[in-house]
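**Q** Below are the sequence and a predicted model; questions follow.
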Amino acid sequence: MRAYLCHAFGPLDQHHAGQLPDPTPADDEVIVQVEAAGVNYYDTLIVQGRYQLKPGLPFSPGGEFAGRISAIGAQVEGFQLGQRVLAFNSFGGYAEKARAKARQVFPLPDEVASDVAAAALVAYATAWHALHDRARMQPGETVLVLGAAGGVGLAAVQIARAAGCRVIAAASSDDKLALCAESGACLGINYREQALKEAVKAATAGRGADIVVDVVGDAYTEAAVRATAWRGRVLIIGFAAGEIPRVPANLLLLKGCDLLGVFWDEFLRREPESCHRQVAAVLAGIADGTLRPPIQGRYPIEHAGEALRVLAERRATGKLLITP
């Protein structure tokens with residue numbers, strides 16, 4: 001089968017399309033004929049050997065993908081050949097076929113197209129888990145989203161707005177902020193031109209944000225903690241700016257705030273039943289139009305490297321897909 005391959009960990013420009021043997025399912029797995037695979041920031045890391053998971057070589061990146069089941073393992077129940085599904089497997093999705101543990105496969109409603117589903121799984125399920133589960137978001141709260149024009153960021157904007165929250169979007173350009181406004185952000189902050197803490201304080205009459213969604217890291221994390229309200233919750237999801245921040249612990253004490261880690265992959269593995277309920281809620285929101293994953297571009301397997309570079313260079317405004 002055709003696949004985008006990593007033969008050795010290294011820079012993005014050294015990987016290319018090639019061939020892999022068709023996968024066969026283990027007893028607890030299904031094989032999915034891939035119609036679309038989402039491009040995520042960790043895909044750029046895993047091929048460089050900079051992610052916590054290091055697959056055996058050669059491998060194809062791509063943790064989320066949608067399509068139809070083409071083979072079923074001997075111990076798998078509840079799925080049928082040809083069934084439309086959405087799946088997660090950390091890697092393998094930039095290919096014509098991909099394997100996934102059955103417990104990490106989600107039935108796909110007829111109302112949700114495969115490309116839209118692949119654009120949503122990691123980003124929207126992460127944002128849902130972060131806001132509803134980890135932060136226990138309540139209507140009327142103020143939610144600050146850093147990196148708001150990215151996949152998780154836009155998902156968080158939409159999910160928070162649907163929950164009746166006031167959303168402040170923070171991004172690195174006015175064009176990105178315009179996209180956030182289309183997704184429901186009430187206010188935008190260009191943090192390359194404005195001091196984040198002061199801008200948030202000004203937008204909240206000095207009170208600060210109740211919840212911070214942080215996929216950026218670096219110095220922005222400390223600035224966001226300083227901009228939280230009393231009993232605020234800061235959700236640590238990623239480090240797109242490159243540096244893992246060190247937050248002064250006295251800030252947490254003074255603000256009575258919580259610093260909360262969000263690792264959706266591990267949540268799926270450790271609490272699959274809860275995760276499945278949350279993914280079902282996300283898919284229901286997409287089906288009824290409440291949630292609208294924005295798709296910026298679709299790339300064939302042969303051009304997957306270009307998609308990874310666009311994402312790594314933070315030029316993406318919306319979701320990128322690989323469409324075999």
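**A** Great, that's in hand.
**Q** List the contacts of the closest residue to A102 other than its chain neighbours.
**A** In this structure, A102 finds its nearest non-sequential neighbour in V76, 4.5 Å apart by C-beta to C-beta, 6 or more residues apart in numbering. Any C-beta I mention is one placed from the backbone N, CA and C, and that applies to glycine too. Contacts for V76 (C-beta atoms under 8 Å, 6 or more residues apart in numbering) come out as 25, 27-30, 102.
**Q** How much space separates V76 from H129?
**A** 25 Å (C-beta to C-beta, to the nearest Å).
**Q** L5 now?
**A** 31 Å.
**Q** Show me the helices in the chain, by range?
**A** For the chain, the helices defined by DSSP state H occupy 41-46, 114-128, 151-162, 174-182, 196-203, 219-226, 249-255, 264-270, 272-287, 304-312.
**Q** my read: W230 touches L253, true?
**A** No. Here W230 lies out of contact with L253, judged by C-beta atoms under 8 Å, at a distance of 11.9 Å.
**Q** looking at the sheet around L235, what are its partners?
**A** Beta-bridge partners of L235, counted by DSSP bridges, are V213, L260.
**Q** Next, format the helices of the chain as TSV and append mean pLDDT and distance to G67.
**A** Listed next are these as TSV, based on pLDDT from 0 to 100; distance: least, C-beta to C-beta, whole Å:
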stretch	mean pLDDT	distance to G67
helix 41-46	92	18
helix 114-128	97	6
helix 151-162	96	20
helix 174-182	93	28
helix 196-203	96	40
helix 219-226	95	37
helix 249-255	95	44
helix 264-270	94	19
helix 272-287	97	15
helix 304-312	95	16
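**Q** Tell me which of those helices sits nearest to A66.
**A** Proximity of the helices of the chain to A66 was assessed by C-beta to C-beta; the nearest stretch is helix 114-128, lying at 4.1 Å.
**Q** who touches I168 in this structure?
**A** Per C-beta under 8 Å, 6+ apart, neighbours of I168: 142-145, 185-189, 200, 203-204, 209.
**Q** Between these, identify the one with the most neighbours.
**A** Counting neighbours by other C-beta atoms under 10 Å, V145 leads the contacts of I168 with 35 neighbours.
**Q** rewinding a little: quick one, which of L5 and H129 is more surrounded?
**A** Each of L5 and H129 has its neighbours counted (other C-beta under 10 Å); H129 has more, 24 against 21.
**Q** so that one touches Q278, yeah?
**A** Yes. Assessed by C-beta under 8 Å, H129 is found in contact with Q278 at 5.8 Å.
**Q** can you pull the contacts of the most centrally placed residue in the chain?
**A** With distances taken as C-alpha atoms, centre = their mean, A123 lies nearest the centre of the chain, 2.6 Å away. A123 is in contact with 38, 40, 150-152, 154-155, 293, 319, counting by C-beta under 8 Å, 6+ apart.
**Q** Swap in 7 Å and give it another go.
**A** A123 makes contacts with 151-152, 155, 319, as judged by C-beta atoms under 7 Å, 6 or more residues apart in numbering.
**Q** what does D22 give?
**A** 1, 97.
**Q** let's see 10 Å
**A** By C-beta atoms under 10 Å, 6 or more residues apart in numbering, D22 lies in contact with 1, 31, 70-71, 95-97.
**Q** Just the CA trace of stretch 297-314, in PDB.
**A** C-alpha atoms of stretch 297-314 as PDB (Å, rounded to 0.1, in the frame of the first residue of the first chain):
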ATOM      1  CA  GLY A 297      -6.300  22.000   3.100                       C
ATOM      2  CA  ARG A 298      -6.200  18.400   1.800                       C
ATOM      3  CA  TYR A 299      -3.000  16.800   0.700                       C
ATOM      4  CA  PRO A 300      -2.300  13.400  -1.100                       C
ATOM      5  CA  ILE A 301       0.100  11.000   0.500                       C
ATOM      6  CA  GLU A 302       2.900  12.200  -1.800                       C
ATOM      7  CA  HIS A 303       2.600  15.800  -0.400                       C
ATOM      8  CA  ALA A 304       2.200  14.900   3.300                       C
ATOM      9  CA  GLY A 305       5.600  16.400   4.000                       C
ATOM     10  CA  GLU A 306       4.300  19.800   2.800                       C
ATOM     11  CA  ALA A 307       1.300  19.600   5.200                       C
ATOM     12  CA  LEU A 308       3.700  18.800   8.100                       C
ATOM     13  CA  ARG A 309       5.900  21.800   7.200                       C
ATOM     14  CA  VAL A 310       2.800  24.100   7.100                       C
ATOM     15  CA  LEU A 311       1.800  23.000  10.500                       C
ATOM     16  CA  ALA A 312       5.300  23.100  12.000                       C
ATOM     17  CA  GLU A 313       5.800  26.600  10.800                       C
ATOM     18  CA  ARG A 314       2.500  27.700  12.300                       C
END
